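**Q** Sequence below, structure please.
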Amino acid sequence: MAVAVSVNGRITDGDHAVVSVFDNGFVFGEGVYEVLRTYRHQPFLYDEHIERLRHSASMLGLPVPFTNDELLAQIRAVQAHAEGKEHYIRILLTRGVGEFSYDPASCPAPTVVVIVKPLAETPDSWYEAGTKVSLVSVTRNHPGSVNPRIKSNNLLNNALAMQEAIRKGSVEALMKNYRGELVECCQSN
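**A** This next block holds a predicted model:
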């Protein structure tokens, strides 16, 4: 299968992966994520990415129900079902299924999703001639509201910024913070 997905350890193709509509990650956006790529099928900077995932989860009071080795084994199991020479890996950790409540105790177990798909190659023309990036009007989240150091599953800020960039014919959006300083792009490292 081109795309393989694990939801709480159940591996399927992308069309059959299911997360409950009662998952607080879906209902309230309570969740965190990390994205990795592979080199020679090995997740790049794995320990650093998972440490950042753990830090983001701790800022939400979200338990992480796996060790680094257990998650790596799960990623490898999903990779075995995905096509592609190299992979894009997205790990999502949500509060899990529970009542419609902001009380973390209402969700007994977090949801863990691992998505593995073929890594899209960057067009050679981007390296040779560059590409268009737009400075957008959407301001990066204020650290006093939703701390941008939390890699939250709620990416509405980035989505709105990218939509503006796309309308301008760009492939990336450059954002400013509340002080007017250039801070980051939406989807590029």
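
**Q** give the contact list for the most centrally placed residue in the chain.
**A** For the chain, the residue nearest the mean C-alpha position is Tyr33 (4.0 Å; Cα atoms, centre = their mean). Residues in contact with Tyr33 (Cβ atoms under 8 Å, 6 or more residues apart in numbering) are 53, 90-93, 151-153. For the C-beta atoms, the positions are set from N, CA and C on the backbone; glycine is no exception.

**Q** Tell me which helix or strand it sits in.
**A** Secondary-structure assignment from DSSP states H and E places Tyr33 in strand 31-39.

**Q** Can you name the element that comes right after that strand?
**A** Next along the chain from strand 31-39, counting by DSSP H and E, comes strand 42-43.

**Q** neighbouring strands for that next one, and are they parallel or not?
**A** According to DSSP bridges, strand 42-43 forms sheet pairs with strand 31-39 (antiparallel).

**Q** What ranges in this protein fall below the confidence cut-off?
**A** 189 (pLDDT under 70).

**Q** Tyr88 should be in a helix, yeah?
**A** No - counting by DSSP: H, G, I helix; E, B strand; the rest coil, Tyr88 is not found in a helix; it is strand.

**Q** Tell me who's in contact with it.
**A** So Tyr88 contacts 35-37, 115-120 (Cβ under 8 Å, 6+ apart).

**Q** List the beta-bridge partners for it.
**A** Arg37, Lys117.

**Q** now the strands: where do they sit in the protein?
**A** In the chain, the strands defined using DSSP state E lie at 4-7, 10-13, 31-39, 42-43, 87-94, 111-118, 133-139, 172-176, 182-185.
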